[in-house]
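Peer 1: Kindly return the folded structure for what I paste below:
(chains A and B)
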There are 2 protein chains.
Amino acid sequence: MTETAPRPTLEAVAARAGVSRATASRVVNGGDGVRRPLAERVLQAVEELGYVPNQAARSLVTKRHDAVAVVIAEPETRVFADPFFGLQLRGISKELTAHDTQLVLLLTEGRDDHARVGRYLAGGHVDGALVFSLHLDDPLPGLIQRAGVPTVFGGRPGWSDGTHGIAYVDSDNRGGAREAVRHLAGLGRTRIGHITGALDQTSAADRLDGYRDVVGDADPRLIAESDFTPAGGERAMRELLENRPGLDAVFAANDLTASGALRVLRERGLRVPEDVAVVGFDDMLPVAEQTDPPLTTVRQNIEEMGRLMARLLLRGLDRDDPEEGADDTPRSIVLPTTLVRRASA
Amino acid sequence: MTETAPRPTLEAVAARAGVSRATASRVVNGGDGVRRPLAERVLQAVEELGYVPNQAARSLVTKRHDAVAVVIAEPETRVFADPFFGLQLRGISKELTAHDTQLVLLLTEGRDDHARVGRYLAGGHVDGALVFSLHLDDPLPGLIQRAGVPTVFGGRPGWSDGTHGIAYVDSDNRGGAREAVRHLAGLGRTRIGHITGALDQTSAADRLDGYRDVVGDADPRLIAESDFTPAGGERAMRELLENRPGLDAVFAANDLTASGALRVLRERGLRVPEDVAVVGFDDMLPVAEQTDPPLTTVRQNIEEMGRLMARLLLRGLDRDDPEEGADDTPRSIVLPTTLVRRASA
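Peer 2: Numbers count the residues shown, from 1 in each chain, chains lettered A, B, ... in the order given. Below you'll find the predicted structure:
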């Protein structure tokens, strides 16, 4: 759970509006008999303080909404184009359903809509939130903190100095990347390139760090920035071949990127793995098996990550005081990865 | 909009609990000063009547949640496997975002979870609902009606005697099917088979009717029931070839099914279109262009259907009295289809 900012109270609303608590209560709870100018002052105070009027009433009746929001910090088009998100949602859906909790997926067209997502989270419609694919300069974490909903993140959040008080589920991205690059080095490759993911995400930054752990201070021409998409992988592969025509291996930050890189290598008449060995990341099926040649890659259990995110959140909600943190439930989980060898390296 | 059942009132709660309205109000709105046995009777009445306590308070402050639920009556796994749903959501997302309204996608593992979806819809978390891929015996329509949320359906609902008072957006499935089968007949084909969709959905039933409009009372061995999936298309094609080895054309109820049928035809060494001509439905890209050979199909504008569903709902919400229906806004829209010729027929 994130540390939650205290919610504004009805007393604070009354004080700001300059009315009694009883009057504020009557306005907020839809009662009659309050003069219009007074009612308007109360409503203005509600707006200004971000007071959520229904929380007490609702939680008195049900304690819970039995609903959890899922926020994927990507445009809706990417959510449906990248199977990563479908897999993570599958794990989340199974776990929430097993606890008779409704999965509420908040879709957006992009970052401009995140303020609206924050308002929905603050509106008392869900018990908590699962948030993934965060980018560094995204306003979502701040909005979520202000909304005061318990949250578990998918992937280590990158905006914080540390991870104190922040619950997340991640894969060992750095360790997995090290294993991929060591495998390439073990094949005798000496000019190993890297196609990065979106570097404003910790998963991509950690994989780049893992690459550097093995190759040391690499020739910068061996590193091409990309964005986790197949088209981005094609662009980055062309860039690498232009800057370092002699490279003999590529570690791509995910399988979709690797699939784009493989297409460009074939187009240029380069043989994989003979001329250029390629390793991906994810073990995304069927992609990783259907590339030509099938892809050697670092497997992370994406569905399990989703399941664990949901489990961590629900356990937090089940504790008497979710802010207490004094039980044995881990606040964060980092899953190991494994190298899966196919034909590409 | 569906006709809405009246919501239980606070007066009804008070009467059932045997307390005054003021006492019921105090309990429901989280106030103090009510003796515990009394409070418990009120809460029990709230539960029994399904009273939603926060509606008045919330709508007083904001009038609106600025959120619309989308319910796809399929398991989450199919939602992410079938690009139809992604396209429809794209249209919905664009339209809702243009009106600064949050898209709230309620995912489930299957029909067993629809009661929970109904509870969420009834809980006062959204202004309305967009519902698609309904199956005939699904409890959702009844649950939605009881929830009392304005709703627009994707696809003509099949449970009702008529469509009085029900808003929906659909394609001209029957007309499109007729055009597909007439095209096959125009190529001189005389033994035209049909692979149906899921026949508990009106889209599949209407396409079968369109097929029958052209071929008359077809040999029942020319019709194979299926389910809109590629694997279902493979099974149905095998069944057709077994029952009517001489068939010379197939009209498949959608492109995914057609892609499965094409695989089986190739596997059996039958040439398309020379031996068996194939027409699909949807013009789902890239599927329809990437089959071997590329697919002749009936195009429906799926993204536009989603956009119009959202528009119809938002217009209904903007009317002063959404139940009045006395303006010019159409309550339902049926979009035309067009035949797209590629190589398969």
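
Peer 1: how much space between the closest residue to residue A:103 other than its chain neighbours and residue B:123?
Peer 2: Closest residue to residue A:103 apart from its sequence neighbours, by CB to CB, 6 or more residues apart in numbering or on different chains: residue B:107 at 4.5 Å. Every C-beta, even on glycine, is put in place using the N, C-alpha and C of the backbone. Between residue B:107 and residue B:123 the computed distance is 17 Å (CB to CB, to the nearest Å).

Peer 1: who's more crowded, the two?
Peer 2: Using other CB atoms under 10 Å in any protein chain shown as the criterion, residue B:107 and residue B:123 rank with residue B:107 on top: 26 against 21.

Peer 1: who's in contact with residue A:283?
Peer 2: A:255, A:297, A:298, A:299, A:300, A:340 (CB atoms under 8 Å, 6 or more residues apart in numbering or on different chains).

Peer 1: What about those residues, which one has the most neighbours?
Peer 2: Tallying neighbours with other CB under 10 Å puts residue A:297 at the head of the contacts of residue A:283, with 31 neighbours.

Peer 1: That one reaches residue A:337, doesn't it?
Peer 2: No. The pair residue A:297 and residue A:337 does not pass the contact test of CB atoms under 8 Å, sitting 9.8 Å apart.

Peer 1: Dihedrals phi and psi, the residue nearest to residue A:103?
Peer 2: Torsion angles at residue B:107 (phi, psi; degrees, to the nearest 10) stand at phi -90, psi 150.

Peer 1: What of residue A:167?
Peer 2: phi -90, psi 130.

Peer 1: what's the answer for the one 5 residues further on, then?
Peer 2: Dihedral pair for residue A:172: phi -80, psi 80, per degrees, to the nearest 10.

Peer 1: quick revisit: any idea which of the contacts of residue A:283 is the one closest to chain B?
Peer 2: Distance to chain B, by CB to the nearest CB, is smallest for residue A:255 among the contacts of residue A:283, at 16.9 Å.

Peer 1: Now do that closest one, the pLDDT please.
Peer 2: Among the per-residue scores, residue A:255 holds a pLDDT of 97.

Peer 1: now residue A:270: how far from residue A:84?
Peer 2: Applying CB to CB to residue A:270 and residue A:84 gives a distance of 27 Å.

Peer 1: contact partners of stretch A:209-218?
Peer 2: With contacts defined as CB under 8 Å, 6+ apart, stretch A:209-218 is touched by A:173-178, A:180-182, A:185, A:192, A:194, A:222-223, A:251.

Peer 1: are any of those residues buried, and which?
Peer 2: The neighbour-count test (16 or more other CB atoms under 10 Å in any protein chain shown) marks A:173-178, A:180-181, A:192, A:194, A:222-223, A:251 as buried among those.

Peer 1: could the contacts of residue A:283 go into JSON lines alongside distance to chain B?
Peer 2: JSON lines is the format used below for the contacts of residue A:283 (distance: CB to the nearest CB, whole Å):
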{"residue": "A:255", "distance to chain B": "17"}
{"residue": "A:297", "distance to chain B": "21"}
{"residue": "A:298", "distance to chain B": "23"}
{"residue": "A:299", "distance to chain B": "20"}
{"residue": "A:300", "distance to chain B": "18"}
{"residue": "A:340", "distance to chain B": "23"}
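
Peer 1: Generate TSV for these, with secondary structure as supplementary columns.
Peer 2: Converted to TSV, the contacts of residue A:283 look like this (DSSP: H, G, I helix; E, B strand; the rest coil):
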residue	secondary structure
A:255	helix
A:297	strand
A:298	strand
A:299	strand
A:300	coil
A:340	strand
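
Peer 1: Adding distance to residue A:88, write those out as JSON lines.
Peer 2: Converted to JSON lines, the contacts of residue A:283 look like this (distance: CB to CB, whole Å):
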{"residue": "A:255", "distance to residue A:88": "15"}
{"residue": "A:297", "distance to residue A:88": "17"}
{"residue": "A:298", "distance to residue A:88": "17"}
{"residue": "A:299", "distance to residue A:88": "15"}
{"residue": "A:300", "distance to residue A:88": "11"}
{"residue": "A:340", "distance to residue A:88": "19"}
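
Peer 1: In terms of distance to residue B:93, which of the residues you listed ranks first?
Peer 2: Comparing those against residue B:93 with CB to CB picks out residue A:255 as the nearest, at 26.2 Å.

Peer 1: which residues touch that closest one?
Peer 2: Shown in contact with residue A:255 (CB under 8 Å, 6+ apart): A:280, A:281, A:282, A:283, A:284, A:287, A:288, A:291, A:295, A:297.

Peer 1: quick one: which of the residues you listed is most hemmed in?
Peer 2: Going by other CB under 10 Å, residue A:280 tops the contacts of residue A:255 with 33 neighbours.

Peer 1: for the helix or strand hosting residue A:231, packing partners?
Peer 2: Assigned by DSSP states H and E, residue A:231 belongs to helix A:230-243. If you count contacts as 3 or more CB pairs under 8 Å, 6 or more residues apart in numbering or on different chains; DSSP states H and E, helix A:230-243 packs onto strand A:192-195, strand A:223-224, strand A:249-252, helix A:255-267.

Peer 1: can you give me how far the first one is from the chain middle?
Peer 2: From the chain centre to the centre of strand A:192-195 is a distance of 24 Å (CA atoms, centre = their mean, to the nearest Å).

Peer 1: What is that strand packed up against?
Peer 2: Under the contact criterion of 3+ CB pairs under 8 Å, 6+ apart, strand A:192-195 touches helix A:173-186, helix A:202-215, strand A:223-224, helix A:230-243, strand A:249-252, helix A:255-267.

Peer 1: Strand partners (parallel or antiparallel) of the third one?
Peer 2: As defined by DSSP bridges, the strand partners of strand A:223-224 come to strand A:192-195 (parallel).

Peer 1: mean confidence for the partner strand?
Peer 2: Regarding strand A:192-195, the rounded mean pLDDT is 98.

Peer 1: Next: stretch A:69-78.
Peer 2: Per-residue pLDDT over stretch A:69-78 has a mean of 93.

Peer 1: can you list contacts of it?
Peer 2: Contact partners of stretch A:69-78, identified using CB under 8 Å, 6+ apart, comprise A:79, A:82, A:85, A:89, A:92, A:103-111, A:114, A:117, A:120-121, A:125-126, A:128-135, A:138, A:140, A:149, A:229, B:89-90, B:93, B:103.

Peer 1: The same query, at a cut-off of 6 Å, please.
Peer 2: A:79, A:85, A:104-107, A:109-110, A:117, A:126, A:129-134, A:138, A:140, B:93 (CB atoms under 6 Å, 6 or more residues apart in numbering or on different chains).

Peer 1: try stretch A:99-112
Peer 2: With CB under 6 Å, 6+ apart as the contact definition, stretch A:99-112 has outside contacts at A:66-71, A:75-76, A:93, A:96, A:117, A:126, A:314, B:93, B:97, B:103-105, B:107, B:116, B:120.

Peer 1: Let's see which of those end up in helices.
Peer 2: Secondary structure from DSSP state H places A:76, A:93, A:96, A:117, A:314, B:93, B:97, B:116, B:120 of the contacts of stretch A:99-112 in helices.
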